Structure formats: C-alpha cells, structure tokens
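# Quick one: sequence and predicted model below, then my questions.
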Amino acid sequence: MADFIATDPLAALLPTTRGAHQLAGAQPGRITALAPIGPAKGLPAPGRAQTHAGGIVLWAGHGLWLATGTPPQAVPQTAPQTDETDAWVIVRLSGPAPDAVLARLVPIDLRALNFRPGHVARTLLGHVAVLIHRPEAAPEALEIWLPRSMAAHALIDLASAMRGLAAR
C-alpha cells in the first residue's frame, strides 16, 4: 500500500518577494461556504466582509458567503453549509502599493480611496476568478482568495506583476 504524505502544492512558490512587495500564504483554518435560503440575516452585505468571534465572513457572490473558522452564530442552522477548506488558497500581498501590483492584472480599482478595509470584490485576476479582500486588521495589504486548481498559475502572474512594478 502506498504511503501518502500531505504536502503544500504551493510551497515552492511562496513566500515571494519582488522589490518592496511580498506575497505570502495565509492560513485561515477551516473555510465554510454558507448559502442561506431566503434572507441573509446576520451576514455581510454584497461586497463586504465582517469579523466574528471565530474568524471572518466574506460575501462571495449571489447568495454565497465564505466563513473562516467556526461559522457565526447568526447564520440559521437550516442554511446549507459546505466545507470548502481544500478548494481555496489565500495569499496576502503586502508592501507600499499592493493595489498598484494588482492594477496590472485586475479590471477594477483597488486603491484604498475606493476599496476600503472590509471591502470584498469578486473579479478576475488575469483569467482566474478570485475574491479580493482588504482586511480591517491589515488595511495596507490585500488578501487574494484563489481557487486551488488555478492558484499556481495565478501566483506566477502575481510574481510577474510584482517584478514589473519593481522594475519601474
């Protein structure tokens, strides 16, 4: 019988530093998808995130939220919940201008004036659908939620954008 050892598929790509910017993995723990039936009472509005005792809840699209840690108590117990821990990779882009790095890859304005702490955007990074979050705890950084199946490709694009900005 084969002996399988769990490994991090992105260990060779993270952390990455190019110029003054750094891209590092974030370990949120358990990630749960919440899809309440009916009104989304107790969950953040579209485009927003909110912290709770066990972690954070992010709006992830029409009728869908992602919660890290233990899902908040405000979510009705009848709301469908799915473990998504293995489906997402979360990286944190930090440095003097993470929005300038992402401006090379995303079609939306992520400058701090428009994209404030607690904001979330569902957008494209190159051709990969991602969630981008400006955390309230670290407003100078941006968190990028990547589907695990496309994470390595997106990280290569991010490193290239970081290198391009550093070369200016």
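Arrived safely. Numbering: from 1, shown residues only.

# My read is that residue 58 contacts residue 65, right?
Yes. If you go by Cβ atoms under 8 Å, residue 58 and residue 65 touch, sitting 6.5 Å apart. All C-beta atoms are positioned from the backbone trio N, CA, C, and that covers glycine.

# Find the residues that touch each one of the two.
Listed contacts common to residue 58 and residue 65 are residue 44; contacts here mean Cβ atoms under 8 Å, 6 or more residues apart in numbering.

# Output the lengthiest helix in the chain as PDB, nothing but the C-alphas.
Across the chain, the longest stretch assigned as helix under DSSP state H is helix 151-167. Written as PDB, here are the backbone C-alpha positions of helix 151-167 (Å, rounded to 0.1, in the frame of the first residue of the first chain):
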ATOM      1  CA  ALA A 151      -3.500  29.000  -7.700                       C
ATOM      2  CA  ALA A 152      -0.100  28.100  -9.200                       C
ATOM      3  CA  HIS A 153      -0.900  29.800 -12.500                       C
ATOM      4  CA  ALA A 154      -2.200  33.000 -10.700                       C
ATOM      5  CA  LEU A 155       0.800  33.100  -8.400                       C
ATOM      6  CA  ILE A 156       3.100  33.100 -11.400                       C
ATOM      7  CA  ASP A 157       1.100  36.100 -12.800                       C
ATOM      8  CA  LEU A 158       1.300  37.900  -9.500                       C
ATOM      9  CA  ALA A 159       5.100  37.400  -9.200                       C
ATOM     10  CA  SER A 160       5.500  38.700 -12.800                       C
ATOM     11  CA  ALA A 161       3.400  41.800 -11.900                       C
ATOM     12  CA  MET A 162       5.400  42.400  -8.700                       C
ATOM     13  CA  ARG A 163       8.600  42.100 -10.800                       C
ATOM     14  CA  GLY A 164       7.300  44.600 -13.400                       C
ATOM     15  CA  LEU A 165       6.400  47.100 -10.700                       C
ATOM     16  CA  ALA A 166       9.800  46.700  -9.000                       C
ATOM     17  CA  ALA A 167      11.500  47.400 -12.300                       C
END
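
# Go ahead and name everything in contact with it.
9-10, 13-14, 16, 18-21, 23, 89, 91, 93, 97, 100-102, 104-105, 125-126, 128, 130, 144, 146.

# Same check on stretch 98-108?
For stretch 98-108, with Cβ under 8 Å, 6+ apart as the criterion, the contacting residues are 21, 93, 95, 110-112, 115, 121, 123-126, 132, 140-142, 144, 157-158, 161-162, 164-165.
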